[in-house]
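> coords please:
(one chain, ligands or ions: 2)
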Amino acid sequence: MARTPKYSVASMQPVGRYALGVTWADKHDSILPLDNLRRRCPCVECERSRAVDRQPADSAARLEGVQRLQEASVMLHWADGHETLFLVEELRELCGCAACKGEPDYPITGQ
Ligand SMILES: [Zn+2]
Ligand SMILES: [Zn+2]
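Ligands and ions are numbered 1, 2, ... in the order given. This next block holds a predicted model:
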């Protein structure tokens, strides 16, 4: 039933107070700002508060803990009690580095 995710997380650690660092099994590193992660929370509750343009509390972008759920997803526990479930592939898509933004430092040869 469990399909193999395209990406897998090797380790995760806080980067300062405002970002989560993810080291991927393919040696890639991502630094994901917490407020960005919280804004991307895919749950219904967050979608609704975004729709009414409600500003989240400060504690909404503070992380209390991170938990890996099997290989395919990650649960973020926020200081305001909210929880966000991301697929690891979604986390990877949030990586804002040059390589992930389509600016590879080597040309793609198509092979
Ligand atoms: Zn949410
Ligand atoms: Zn990246």
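> mind listing what the spatially most central residue of the chain touches?
Nearest to the mean C-alpha position of the chain, by Cα atoms, centre = their mean, lies Leu91 at 3.4 Å. By Cβ atoms under 8 Å, 6 or more residues apart in numbering, the contact set of Leu91 is Val9, Val22, Ser30, Leu32, Val74. Heads up, the C-betas are built off the backbone N, CA and C, glycines and all.
> surely it is in a helix?
Yes. The assignment for Leu91 is a helix, going by DSSP: H, G, I helix; E, B strand; the rest coil.
> now it: how far from Ser59?
According to Cβ to Cβ, to the nearest Å, Leu91 stands 21 Å off from Ser59.
> tally of neighbours for Ser59?
Residues within reach of Ser59, counting by other Cβ atoms under 10 Å, total 12.
> before we move on, what SS does it have?
Three-state call for Ser59 (three-state DSSP): helix.
> doesn't His77 make contact with it?
No. Using Cβ atoms under 8 Å, Ser59 is not in contact with His77; the gap is 11.6 Å.
> where along this structure do the strands fall?
With strands called from DSSP state E, the chain shows them at 9-15, 19-24, 29-33, 63-69, 73-78, 83-87.
> need the residues of the chain near ligand 1, please.
Contact residues (Cβ under 5 Å from the ion) of the chain with ligand 1: Cys41, Cys43, Cys46.
> change it to 8 Å
Residues of the chain found near ligand 1 (Cβ under 8 Å from the ion) are Arg38, Cys41, Pro42, Cys43, Val44, Glu45, Cys46, Glu47, His82, Glu83, Thr84.
> any chance of those in JSON lines, with pLDDT and neighbour count too?
Listed next are those as JSON lines, based on pLDDT from 0 to 100; neighbours: other Cβ atoms under 10 Å:
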{"residue": "Arg38", "pLDDT": "94", "neighbour count": "19"}
{"residue": "Cys41", "pLDDT": "94", "neighbour count": "21"}
{"residue": "Pro42", "pLDDT": "91", "neighbour count": "11"}
{"residue": "Cys43", "pLDDT": "94", "neighbour count": "11"}
{"residue": "Val44", "pLDDT": "93", "neighbour count": "8"}
{"residue": "Glu45", "pLDDT": "92", "neighbour count": "9"}
{"residue": "Cys46", "pLDDT": "92", "neighbour count": "18"}
{"residue": "Glu47", "pLDDT": "90", "neighbour count": "10"}
{"residue": "His82", "pLDDT": "95", "neighbour count": "18"}
{"residue": "Glu83", "pLDDT": "96", "neighbour count": "13"}
{"residue": "Thr84", "pLDDT": "96", "neighbour count": "17"}
